[in-house]
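Trainee: Coordinates for the following, if possible.
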Amino acid sequence: MDMAFFADILKHLLVGLPLTLNLGLLSLLGGGCLALFFNVIRNTTVGRPVVSTYVFLFRGTPLLIQIFMIYYGLAHFWGIRHTFLWPFFRDPYWCALLALILNDAAYTTEILRGGLRAVPKGAIEAGRVAGMSRFTIFRRITLPIAFRQALPSYSSEVISMLKSTALVSTITLMEVTGIARAMVSETWRAIEIFLCAALIYLALSLVVTRATVWLERYLSPWQSGVSR
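Mentor: Below is the predicted model of the structure:
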């Protein structure tokens, strides 16, 4: 393998890394906020069927189709092309980010729901006995415990979303995979280029995995024997 060429590939691919991280982090942030909201309204009569339908639709269809539907499909609606929304939906960045957020929200909603169900009822009752309000119990007891319970599953979702950003290259965004595809079309050296791109995604996955292990130990000092 030509190491000089490999190093040159890496230098070019890293140019797209900020966009990959930008899309990944913002989609996780937006999806997490939506997921928290969905779990709050899920206990209401109206919210339960709405959230269930939303989760079913976005988990049951491929993310690539969702990106295409938002970027290509919404342009066909006259009500969007002639409103203030059009500058937003004609920009591939915002369309990709919206699709990633909506997709992540569906998966994170279910992950968080599992974490919330794992919260011991005794902990909530102890908060009530201590005179805490519902919001205080949710903020100081329910949510921290639910987050700890859901952390292993959520780490997989974080890795999945970082890898899913590769799909936005199909709508002209030049992140890591988009640059790799462009370089392959110019050089026809697909093995070296895509191998280098794969190593970048592997490195990101490794960082997330190690950060999750550290966070689990920090949130569970009784398991590791480390005092905080």
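Trainee: and residue 75, how far is that from residue 86?
Mentor: 8 Å (Cβ to Cβ, to the nearest Å). Bear in mind the C-beta positions are built from the backbone N, C-alpha and C, glycine included.
Trainee: I meant residue 16, not that one.
Mentor: 27 Å.
Trainee: Also residue 177?
Mentor: Taking Cβ to Cβ, one finds residue 177 at 27 Å from residue 86.
Trainee: picking that back up, neighbour count: residue 16 and residue 86, which is higher?
Mentor: residue 16 (22 against 15; other Cβ atoms under 10 Å).
Trainee: can I assume that one is in contact with residue 182?
Mentor: No: counting by Cβ atoms under 8 Å, residue 16 stays clear of residue 182, with 9.7 Å between them.
Trainee: Now for these two: what residues contact both?
Mentor: residue 174 (Cβ atoms under 8 Å, 6 or more residues apart in numbering).
Trainee: Look through this structure and tell me its longest helix.
Mentor: helix 190-219 (DSSP state H).
Trainee: Against which helices or strands is that one packed?
Mentor: Using 3 or more Cβ pairs under 8 Å, 6 or more residues apart in numbering; DSSP states H and E, the elements in contact with helix 190-219 are helix 3-13, helix 143-164, helix 176-187.
Trainee: So for residue 28, which of these sits nearest?
Mentor: helix 143-164 (5.8 Å; Cβ to Cβ).
Trainee: any idea of the angle the closest one forms with helix 190-219?
Mentor: Per axes from the mean of the first three to the mean of the last three Cα atoms, to 10 degrees, the angle that helix 143-164 makes with helix 190-219 is 170 degrees.
Trainee: For helix 143-164, buried residues please.
Mentor: Neighbour counts over helix 143-164 (16 or more other Cβ atoms under 10 Å) mark 143, 145-146, 148-151, 154-155, 157-159, 161-164 as buried.
Trainee: Identify the residue nearest the geometric centre of this protein.
Mentor: Central residue of the chain (Cα atoms, centre = their mean): residue 28, 3.6 Å from the mean position.
Trainee: Average pLDDT for the longest helix of the chain, rounded please.
Mentor: Here helix 190-219 scores 90 as its mean pLDDT.
Trainee: between that helix and helix 176-187, how many degrees?
Mentor: Taking the same axes, to 10 degrees, one finds helix 190-219 and helix 176-187 inclined to each other by 170 degrees.
Trainee: tell me the angle helix 190-219 makes with helix 3-13.
Mentor: Calculated by the same axes, to 10 degrees, helix 190-219 forms an angle of 60 degrees with helix 3-13.
Trainee: still on that earlier bit, can you tell me the helix or strand for the residue nearest to the centre of the chain?
Mentor: Residue 28 is part of helix 17-41, with elements assigned from DSSP states H and E.
Trainee: which helices and strands does that helix pack with?
Mentor: Counting by 3+ Cβ pairs under 8 Å, 6+ apart, helix 17-41 packs on helix 47-60, helix 92-117, helix 143-164, helix 176-187.
Trainee: out of those helices, deepest packed?
Mentor: Of the helices and strands packed on helix 17-41, the one with the most neighbours on average (mean count of other Cβ atoms under 10 Å) is helix 92-117, at a mean of 21.
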